[in-house]
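S.K.: Need a 3D model of the sequence below.
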Amino acid sequence: MLAAVVGHTARQFGRAVVMPNLRPPITTIRQAQSYRDRILSALPPNTSFEPLLTAYLTDTISAAEIATGYGDGVFAACKLYPAHATTNADHGVTSIALIKDVLETMQCIDMPLLIHGEVTSPQVDVFDREAVFIETVLQPLRQDFPELRIVLEHVTTKDAVDFVLGEGPNLAATITPHHLEINRNAMFEGGLRPHMYCLPTAKREQHRLALRTAATSGNPKFFLGTDSAPHTIAAKESDCGCAGIFNAPFALEAYAKVFAEENALDKLEGFASEYGPAFYRLPVNDTKVVLEKQSIDVPERLHAGAEVLRPFHAGASLPWRFAGAA
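M.R.: Numbering: from 1, shown residues only. All right, here's what the predicted structure looks like:
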């Protein structure tokens with residue numbers, strides 16, 4: 001699967017923050033180095049791409065290992081998955097209290113924390129999990145660690161947008177192309193639509209509109225994050241379908257569509273190429289890519305060896321075409 005999909009991301013992006021929720025999860029420097037080597041070896045020939053590795057936080061992860069990995073340039077950030085919140089999150093954190101020493105270390109060394117922002121209590125409605133997380137987990141976390149750089153990833157609600165806007169410069173958020181285009185109705189149009197199911201789930205229309213306003217506003221607290229998840233058609237269309245939308249093959253085209261619809265194409269470069277690096281304290285890439293106003297048809301299926309994937313916008317046309325490097 002890695003060999004089949006990494007080229008889609010590397011074709012459009014000079015680097016990507018790589019999630020650590022593998023089996024087993026990436027919790028050590030050695031595991032991260034090995035994963036980075038596997039990614040680089042799977043790239044198509046003559047591809048320039050930098051994977052930015054992250055550490056998967058667990059209840060027992062070593063703060064010293066994280067600090068060494070960050071200092072040596074192995075880890076770009078740490079990822080907080082509340083236990084059982086999403087794919088391969090069964091090793092995730094069960095209580096923030098158990099990782100306070102890690103968070104203190106991260107704050108001290110100015111290492112970013114990336115968060116999947118959902119509570120997992122069965123008493124909380126699945127569509128309310130992000131809002132409840134912000135109120136019960138993120139707000140206290142911000143109070144306890146005010147200097148910790150935090151990215152609330154793949155936000156889905158107006159609650160998240162408003163919270164990020166109300167906080168200082170150490171809190172930012174990423175927004176996916178699919179959360180800008182679909183609301184929760186997409187999962188149920190004419191029957192169950194498993195290829196529109198992701199975590200966090202898409203929400204009501206009012207939340208989608210808030211995300212579009214934030215993404216196209218030119219505010220540097222909001223930037224690109226695809227959260228692309230390549231599950232096979234068989235895994236998606238099963239009795240317990242996997243969560244995730246595979247948007248990598250046409251990610252920039254999808255973002256361009258949204259920004260054009262919002263009359264904000266002049267804001268796309270900042271969102272896609274400048275605000276993220278600034279928050280991560282990384283230099284802006286020294287190459288550019290070109291998007292052309294030309295329709296492109298998205299295939300119904302893409303092959304990954306013997307397996308088959310269904311990309312976001314499958315069977316539809318997008319009005320913008322990725323034309324390569326400038």
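S.K.: which stretches of this protein form helices?
M.R.: 2-12, 29-42, 63-71, 100-109, 129-133, 139-144, 158-166, 177-181, 205-215, 233-236, 251-261, 268-269, 275-280 (DSSP state H).
S.K.: mind checking which of those helices is nearest Arg321?
M.R.: Arg321 sits nearest to helix 251-261 of all those, at 6.6 Å, using Cβ to Cβ. In this view, the C-beta of every residue, glycine as well, is placed from N, C-alpha and C.
S.K.: Who are the packing partners of the closest one?
M.R.: helix 2-12, helix 177-181, helix 205-215, helix 268-269, strand 289-292, strand 317-318, strand 321-325 (3 or more Cβ pairs under 8 Å, 6 or more residues apart in numbering; DSSP states H and E).
S.K.: For that helix, which outside residues touch it?
M.R.: For helix 251-261, the surrounding residues in contact (Cβ atoms under 8 Å, 6 or more residues apart in numbering) are 9, 12-13, 177-178, 180-181, 212, 215-216, 224, 226, 228, 247, 265, 267-268, 271-272, 289, 291, 296, 312-313, 318-322.
S.K.: CA-only coordinates of stretch 191-211, as PDB, when you get a sec.
M.R.: Extracted in PDB, the C-alpha atoms of stretch 191-211 (Å, rounded to 0.1, in the frame of the first residue of the first chain):
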ATOM      1  CA  GLY A 191     -28.200   4.800   1.200                       C
ATOM      2  CA  LEU A 192     -25.100   4.300   3.200                       C
ATOM      3  CA  ARG A 193     -22.000   5.900   1.500                       C
ATOM      4  CA  PRO A 194     -19.000   4.300   3.200                       C
ATOM      5  CA  HIS A 195     -16.500   6.200   1.100                       C
ATOM      6  CA  MET A 196     -17.800   9.500   2.700                       C
ATOM      7  CA  TYR A 197     -17.200   8.100   6.200                       C
ATOM      8  CA  CYS A 198     -14.100   9.500   8.000                       C
ATOM      9  CA  LEU A 199     -13.100  10.400  11.600                       C
ATOM     10  CA  PRO A 200     -13.800  12.900  12.800                       C
ATOM     11  CA  THR A 201     -17.100  12.600  10.800                       C
ATOM     12  CA  ALA A 202     -18.400  15.400   8.600                       C
ATOM     13  CA  LYS A 203     -20.900  17.500  10.500                       C
ATOM     14  CA  ARG A 204     -23.900  19.800   9.800                       C
ATOM     15  CA  GLU A 205     -23.900  22.300   7.000                       C
ATOM     16  CA  GLN A 206     -23.300  25.200   9.300                       C
ATOM     17  CA  HIS A 207     -20.000  23.700  10.400                       C
ATOM     18  CA  ARG A 208     -18.900  23.100   6.800                       C
ATOM     19  CA  LEU A 209     -19.600  26.700   6.000                       C
ATOM     20  CA  ALA A 210     -17.500  27.800   9.000                       C
ATOM     21  CA  LEU A 211     -14.600  25.700   7.800                       C
END
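S.K.: which parts of that stretch are buried?
M.R.: Within stretch 191-211, the residues scored as buried using 16 or more other Cβ atoms under 10 Å are 194-203, 207-208, 210-211.
S.K.: OK, contacts around the closest residue to Asp90 other than its chain neighbours?
M.R.: In space, and not counting its chain neighbours, Asp90 is closest to His84: 5.8 Å by Cβ to Cβ, 6 or more residues apart in numbering. In this structure, His84 makes contact with 90, 92, 120, judged by Cβ under 8 Å, 6+ apart.
S.K.: For the first one, give me phi and psi.
M.R.: The one in question is Asp90. phi -70, psi -20 (degrees, to the nearest 10).
S.K.: got it, and the last one?
M.R.: With angles defined as degrees, to the nearest 10, Thr120 sits at phi -120, psi 10.
S.K.: quick one: low-confidence parts of the chain?
M.R.: The chain contains no residues with pLDDT under 70.
S.K.: re earlier: give the buried subset of the contacts of helix 251-261 as a PyMOL selection command.
M.R.: This is how PyMOL selects the buried members of the contacts of helix 251-261, with burial counted by 16+ other Cβ under 10 Å:
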select buried, resi 9+12+13+177+178+180+181+212+215+216+224+226+228+247+267+268+271+272+289+291+312+313+318+320+321+322
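S.K.: thinking again about what came up before, export the contacts of His84 to CSV and append columns for neighbour count.
M.R.: Formatted as CSV, the contacts of His84 follow (neighbours: other Cβ atoms under 10 Å):
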residue, neighbour count
Asp90, 12
Gly92, 22
Thr120, 17
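S.K.: and which of these is nearest Leu40?
M.R.: Closest to Leu40, out of all of the contacts of His84 and judged by Cβ to Cβ, is Gly92, at 27.1 Å.
S.K.: how about the closest residue to that closest one other than its chain neighbours, what does it touch?
M.R.: Leaving out its chain neighbours, the residue that sits closest to Gly92 by Cβ to Cβ, 6+ apart is Tyr81, at 3.6 Å. Contacts for Tyr81 (Cβ under 8 Å, 6+ apart) come out as 21, 56-57, 89, 91-93, 116.
S.K.: This completes my enquiry, with thanks.
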